[in-house]
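>>> show me how the following folds:
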Amino acid sequence: MTTAYAMSGLLVGFLVGLTGVGGGSLMTPLLVFMFGFAPKTAVGTDLLFAAITKGGGVLVHHRSHRSVEWKIVLQLALGSIPAALAVVYLLETVFKKDEAVTAIITTTLGIALIFTGLSLLLRKRLSRKSAIRRLTHTERFGRWQGALTVLVGVILGVLVTLSSVGAGALGTVALLFLYPRLATVRVVGTDLAHAIPLTAVAGLGHLHMGNVDFTLLGSLLLGSLPGIYLGSQLSARIPEWLLRPALASLLLLIGCKFVL
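I've put the predicted structure just below:
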């Protein structure tokens, strides 16, 4: 079974390298539907998996491209980290029964997948609009910009902690909307930098609740690293107009299945 887990890590890593979509959108449904893991275990394990794998991406963006806007990362984290801690506290103290936790996580996972699928369809349009206006990264909402960025962090903190989905695709779309003149490479770098503390805090919270399978985590990491490399090598050869709508449709279908 360990080999099967590693192969699933390879597959998801390959698709992440190919499409740029966050692993949670693909990994968590795979663990639930193919391997029969409880949603809370799939989410908890995937959160720590994401925290580890995204670390390498931030090193590349910050050291090679200097593409992390740390002020925006801090504002997002001011909302997302307290929200993640609050969700973990509620899951441990208020929603103590497994049935209640499973119902909350399953429904949130479905909603997050639906939003992620829709964000994939919108991201190219937002990126195109951002490119047209990319002279400086003048803030769209003036004096409300910081407060709205913190609010986006709160929403991401809740979604990611409950579903392990949203730190990548939804975070990127939110930043493209809030900061239309911010270069795409800086949007990606900033979103990655914020995702690390968020997924780490949420993952450690799930670890405290006993929702992490370390055998599964190790196997996924073993397979994902070569998978990401292979997918990245092939990404330029497969047309985006074909790949992105197909992946978005798949996420929408899986999201509807979780919700219903």
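>>> going forward, measure contacts between C-alpha atoms and count neighbours the same way
Will do.
>>> list the contacts of stretch 41-56.
Stretch 41-56 has contacts (Cα atoms under 8 Å, 6 or more residues apart in numbering) with 23-24, 27-28, 31-32, 161-164, 192-193, 195-197, 199-200, 202-204, 206-207, 211-214, 216-217, 220-221.
>>> ok, now stretch 189-209?
44-48, 50-52, 54-55, 57-58, 61-62, 67-70, 72-74, 76-77, 80-81, 84-85, 88, 92, 157, 160-161, 164, 167-168, 171-172, 175, 212.
>>> likewise stretch 97-110?
With Cα under 8 Å, 6+ apart as the contact definition, stretch 97-110 has outside contacts at 38-40, 91, 95, 159, 162-165, 254-259.
>>> neighbour-wise, which of those leads?
Neighbours here mean other Cα atoms under 10 Å. Within these, the largest count is held by Ser164, at 36 neighbours.
>>> could I get the contacting residues of it?
Ser164 touches 24-25, 28, 43-44, 46-47, 109, 199, counting by Cα under 8 Å, 6+ apart.
>>> switch those residues over to JSON lines; also include secondary structure, distance to Arg123 and neighbour count.
Formatted as JSON lines, those follow (DSSP: H, G, I helix; E, B strand; the rest coil; distance: Cα to Cα, whole Å; neighbours: other Cα atoms under 10 Å):
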{"residue": "Gly24", "secondary structure": "helix", "distance to Arg123": "18", "neighbour count": "27"}
{"residue": "Ser25", "secondary structure": "helix", "distance to Arg123": "16", "neighbour count": "29"}
{"residue": "Thr28", "secondary structure": "helix", "distance to Arg123": "22", "neighbour count": "26"}
{"residue": "Val43", "secondary structure": "helix", "distance to Arg123": "25", "neighbour count": "32"}
{"residue": "Gly44", "secondary structure": "helix", "distance to Arg123": "27", "neighbour count": "29"}
{"residue": "Asp46", "secondary structure": "helix", "distance to Arg123": "24", "neighbour count": "28"}
{"residue": "Leu47", "secondary structure": "helix", "distance to Arg123": "23", "neighbour count": "34"}
{"residue": "Leu109", "secondary structure": "helix", "distance to Arg123": "20", "neighbour count": "31"}
{"residue": "Thr199", "secondary structure": "helix", "distance to Arg123": "22", "neighbour count": "29"}
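>>> which is the next helix or strand following the lowest-mean-pLDDT helix or strand in the chain?
Taking mean pLDDT, DSSP states H and E as the measure, helix 98-132 is the helix or strand of the chain with the lowest mean score, a mean of 81. Using DSSP states H and E, the next helix or strand after helix 98-132 towards the C-terminus is helix 145-163.
>>> any of the contacts of stretch 41-56 buried? List them.
Burial by neighbour count, judged by 16 or more other Cα atoms under 10 Å, picks out 23-24, 27-28, 31-32, 161-164, 192-193, 195-197, 199-200, 202-204, 206-207, 211-212, 216-217, 220-221 from the contacts of stretch 41-56.
>>> now Val73. Nearest residue, chain neighbours left out?
In this structure, Val73 finds its nearest non-sequential neighbour in His194, 5.2 Å apart by Cα to Cα, 6 or more residues apart in numbering.
>>> okay then, goodbye and thanks.
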